[in-house]
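Undergrad: Sequence plus predicted model, see below.
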2 protein chains.
Amino acid sequence: MIATVIPLRSDPGSPWNPQAQACLACGVRSRALFGVLDESELAAIHHHIADIALEPGQRLYDANTRGTAAFTVREGVLRLERSSERGDRRIVRLAGRTQLVGMEAMLGQTYAADAVACTPVRACRLPRVLVDELAERQPALLRGLMTRWQNALDEADEWLTELSAGSARWRVLRLLLKLTEYGEADGRLWLPTRGEMGAMLGLTVETTSRLVAALRREGVLELLDTRHARVAMPLLAAALKAEGEAGDRG
Amino acid sequence: MIATVIPLRSDPGSPWNPQAQACLACGVRSRALFGVLDESELAAIHHHIADIALEPGQRLYDANTRGTAAFTVREGVLRLERSSERGDRRIVRLAGRTQLVGMEAMLGQTYAADAVACTPVRACRLPRVLVDELAERQPALLRGLMTRWQNALDEADEWLTELSAGSARWRVLRLLLKLTEYGEADGRLWLPTRGEMGAMLGLTVETTSRLVAALRREGVLELLDTRHARVAMPLLAAALKAEGEAGDRG
DNA sequence: CGAAAACTTGATTAGCATCAAACCAGGTGG
DNA sequence: CCACCTGGTTTGATGCTAATCAAGTTTTCG
């Protein structure tokens, strides 16, 4: 792994251990896996939760390697990708802020996909032993884990029905809609490379590029810098509606 | 639900309750969710586990309805299907013998897909309260649940990379390979309708029919009756290899 | 500044969808 | 038992969509 591990600042004077300090202060705590734990429970954590930083293109973990940790994404967007037996890579899911990835490691399994940073990413490494231990004392945590598995499954099914079927235009429109979920505070959203978009949608770079260019001309999409854009939601909604009906005719 | 619920034969003379009797005798017990429970634990089950029989086309449950049970498939094949926002139905997964479906009900969520019988199906209905109760006494059960969630997720990712991408011929070949997992004892396997195959692969009935017919002529596939076939595995493997390389050129 | 990567655009082609029609198997009722 | 109907299957002809091939342009980064 080529990730930067950022050491936690320890606070020797505190009655609490440094891990509890760090977790309490975390911006995504309330919506993350450990959100169910209260202050004293966090204080009981003795294992090391590393804070990891990744630059775009760096890997958090690799498919088929045995992992000993899951990861909570605190900032940025990760892609989960697999290579098919034909040899082409396919992005099967994205993971953003508050999402948990690599849960299969909690079961002692190898990772099912490569996890690669699309944007600068910060993530917390949650060692398996920690989760095992907590699960015993805090069964509520297991419910959180199961809910996350179900959410991932829902997401996978949505990718299959909405992003991998229908006309190329439909798929690109649906992807833009999906990307708004990973958007910044204002209307700005992260725009993947055309290659990444193609790998998500099962389209070539060229087709993706043509469609993105068309949407830009139609005003659905406004390119800010290369990796960011703004979408006009009403136009996007209208375009989706029109494209959905276009398929119906006949 | 239009399913037949088959009453369990009770055995008043036994020291065990009839539920334990039925579960102990079940042919899939060792590989099913409750396989981790021993005789005495099964005896402690007081809730009703209904045995359900479905004919092809009948539904086990419907998407977006609140369910109070998951189901273990004891015999036959179920399809999980969703309709996209464009209005076309897509089969997102299959479930066969020993598989658990409708786990989302364990989390109090609505079902994420329609579950429809493809063949005659027999399934056990596992009420949510039962699983909740057991989870408290038998944490090992939760691990089984989580493993099943992860397996479903793996399966979803495989459908995305191998069955929803690549040439139509590749997809049909991969589907045949997948169907061998649901095959009968001998080489015989269940062959879905062309419409079902199309809904799994994102292809039309016509394209699917043409490809199946071609594979039959090539000897990869031997049609027995309308719904059953036999595959020549060496030929299938060779055809997959050739088709994978065909995409590489260029 | 130069090289590499990403993006765009055009021309052509292959592959699958669409439309249309015939065929077949299984089931129903006369 | 046969005529008929229905749902599934097959095959053919045609058209459109997105892949492929091929430059050329812009952006990024050392």
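TA: That came through fine. Numbers count the residues shown, from 1 in each chain, chains lettered A, B, ... in the order given.

Undergrad: So in chain A, which helix runs the longest?
TA: helix A:140-158 (DSSP state H).

Undergrad: next SSE after that helix?
TA: Sequence order places helix A:168-179 as the next helix or strand after helix A:140-158, per DSSP states H and E.

Undergrad: pLDDT score for the residue nearest to residue A:209 when sequence neighbours are not counted?
TA: Closest residue to residue A:209 apart from its sequence neighbours, by CB to CB, 6 or more residues apart in numbering or on different chains: residue A:194 at 4.8 Å. From N, CA and C alone the C-beta is placed, and that goes for glycine too. At residue A:194, the model reports a pLDDT of 98.

Undergrad: How about residue A:20?
TA: 74.

Undergrad: quick one: the residue nearest the centre of chain A from residue A:125, how far?
TA: In chain A, the centroid-proximal residue (CA atoms, centre = their mean) is residue A:95; its distance is 0.6 Å. Separation of residue A:95 from residue A:125 (CB to CB, to the nearest Å): 14 Å.

Undergrad: same thing with residue A:224?
TA: Distance from residue A:224 to residue A:125, by CB to CB: 32 Å.

Undergrad: do residue A:90 as well
TA: Residue A:90 is 26 Å from residue A:125, by CB to CB.

Undergrad: now do residue A:194
TA: According to CB to CB, residue A:194 and residue A:125 sit 32 Å apart.

Undergrad: Please say which of those two ends up with more neighbours.
TA: residue A:125 (23 against 19; other CB atoms under 10 Å in any protein chain shown).

Undergrad: Is it correct that the more buried one falls within a strand?
TA: Yes: the assignment for residue A:125 by DSSP: H, G, I helix; E, B strand; the rest coil puts it in a strand.

Undergrad: Could you double-check that it lies in contact with residue A:49?
TA: Yes: counting by CB atoms under 8 Å, residue A:125 touches residue A:49, with 6.3 Å between them.

Undergrad: residue boundaries of the strands in chain A?
TA: Under the criterion DSSP state E, strands of chain A are mapped to A:4-6, A:50-54, A:59-61, A:69-75, A:78-83, A:89-95, A:100-101, A:114-117, A:121-127, A:188-190, A:221-223, A:228-231.

Undergrad: Mind putting those into JSON lines with distance to residue B:101 and mean pLDDT?
TA: Shown next, in JSON lines, are the strands of chain A (distance: least, CB to CB, whole Å; pLDDT from 0 to 100):
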{"stretch": "strand A:4-6", "distance to residue B:101": "41", "mean pLDDT": "68"}
{"stretch": "strand A:50-54", "distance to residue B:101": "36", "mean pLDDT": "94"}
{"stretch": "strand A:59-61", "distance to residue B:101": "29", "mean pLDDT": "97"}
{"stretch": "strand A:69-75", "distance to residue B:101": "25", "mean pLDDT": "96"}
{"stretch": "strand A:78-83", "distance to residue B:101": "24", "mean pLDDT": "97"}
{"stretch": "strand A:89-95", "distance to residue B:101": "21", "mean pLDDT": "98"}
{"stretch": "strand A:100-101", "distance to residue B:101": "23", "mean pLDDT": "98"}
{"stretch": "strand A:114-117", "distance to residue B:101": "28", "mean pLDDT": "98"}
{"stretch": "strand A:121-127", "distance to residue B:101": "29", "mean pLDDT": "95"}
{"stretch": "strand A:188-190", "distance to residue B:101": "35", "mean pLDDT": "95"}
{"stretch": "strand A:221-223", "distance to residue B:101": "39", "mean pLDDT": "97"}
{"stretch": "strand A:228-231", "distance to residue B:101": "36", "mean pLDDT": "96"}
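
Undergrad: By mean pLDDT, point me to the weakest helix or strand of chain A.
TA: strand A:4-6 (a mean of 68; mean pLDDT, DSSP states H and E).

Undergrad: Now residue A:75: closest residue in space, sequence neighbours ignored.
TA: Excluding its sequence neighbours, the residue lying closest to residue A:75 (CB to CB, 6+ apart) is residue A:122, at 4.3 Å.

Undergrad: show me where pLDDT drops low in chain A?
TA: Applying pLDDT under 70 to chain A flags the ranges A:1-3, A:5-18, A:247-250.

Undergrad: Swap in 50 and give it another go.
TA: Within chain A, the stretches with pLDDT under 50 are A:1, A:10-13, A:15, A:249-250.

Undergrad: Next to DNA strand D, which bits of it? Give me the list.
TA: A:167, A:168, A:169, A:202, A:203, A:204, A:206, A:207, A:225, A:226 (CB under 7 Å from any atom of the strand).

Undergrad: Need the max-distance pair from those.
TA: The largest separation in the residues of chain A next to DNA strand D, counting by CB to CB, is between A:167 and A:225 at 28.6 Å.

Undergrad: which one of the two has more residues nearby?
TA: residue A:167 (14 against 8).

Undergrad: isn't the more buried one right up against residue A:243?
TA: Yes: between residue A:167 and residue A:243 there is a contact at 6.7 Å, judged by CB under 8 Å.

Undergrad: what about residue A:37, distance to DNA strand D?
TA: In this view, residue A:37 and DNA strand D are 38 Å apart by CB to the nearest atom of the strand, to the nearest Å.

Undergrad: tell me which strands and helices the longest helix of chain A is in contact with?
TA: Contacts defined by 3 or more CB pairs under 8 Å, 6 or more residues apart in numbering or on different chains; DSSP states H and E place helix A:140-158 against strand A:89-95, helix A:128-137, helix B:139-158.

Undergrad: and the first one, how far from the chain's centre?
TA: Chain-centre distance of strand A:89-95: 9 Å, with CA atoms, centre = their mean, to the nearest Å.

Undergrad: May I have the strands that pair with it, each with its orientation?
TA: Strand pairing for strand A:89-95, determined by DSSP bridges: strand A:78-83 (antiparallel).

Undergrad: and the closest residue in space to residue A:53 that isn't next to it in sequence, what does it touch?
TA: Nearest residue to residue A:53, sequence neighbours excluded (CB to CB, 6+ apart): residue A:4, at 4.4 Å. Applying CB atoms under 8 Å, 6 or more residues apart in numbering or on different chains to residue A:4 gives the contacts A:52, A:53, A:54.

Undergrad: Among those residues, which one is most surrounded by other residues?
TA: Counting by other CB under 10 Å, top hit in these: residue A:54 with 24 neighbours.

Undergrad: OK, contacts around that one?
TA: A:3, A:4, A:60, A:76, A:117, A:120, A:121, A:122, A:123.

Undergrad: Just the C-alphas of stretch A:81-89, formatted as PDB.
TA: The C-alpha trace of stretch A:81-89 is given here as PDB (Å, rounded to 0.1, in the frame of the first residue of the first chain):
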ATOM      1  CA  GLU A  81     -13.100  -1.800  -9.400                       C
ATOM      2  CA  ARG A  82     -12.700  -5.400 -10.700                       C
ATOM      3  CA  SER A  83     -11.200  -6.800 -13.800                       C
ATOM      4  CA  SER A  84     -13.400  -9.100 -15.700                       C
ATOM      5  CA  GLU A  85     -12.100 -12.500 -17.000                       C
ATOM      6  CA  ARG A  86     -12.000 -10.900 -20.400                       C
ATOM      7  CA  GLY A  87      -9.400  -8.500 -19.000                       C
ATOM      8  CA  ASP A  88     -11.100  -5.200 -19.000                       C
ATOM      9  CA  ARG A  89     -11.600  -3.200 -15.800                       C
END
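
Undergrad: Distance from that stretch to the middle of the chain?
TA: The answer for stretch A:81-89 is 19 Å, by CA atoms, centre = their mean.

Undergrad: Would that stretch count as contacting DNA strand C?
TA: No: Stretch A:81-89 lies out of reach of DNA strand C by CB under 7 Å from any atom of the strand, never closer than 12.3 Å.
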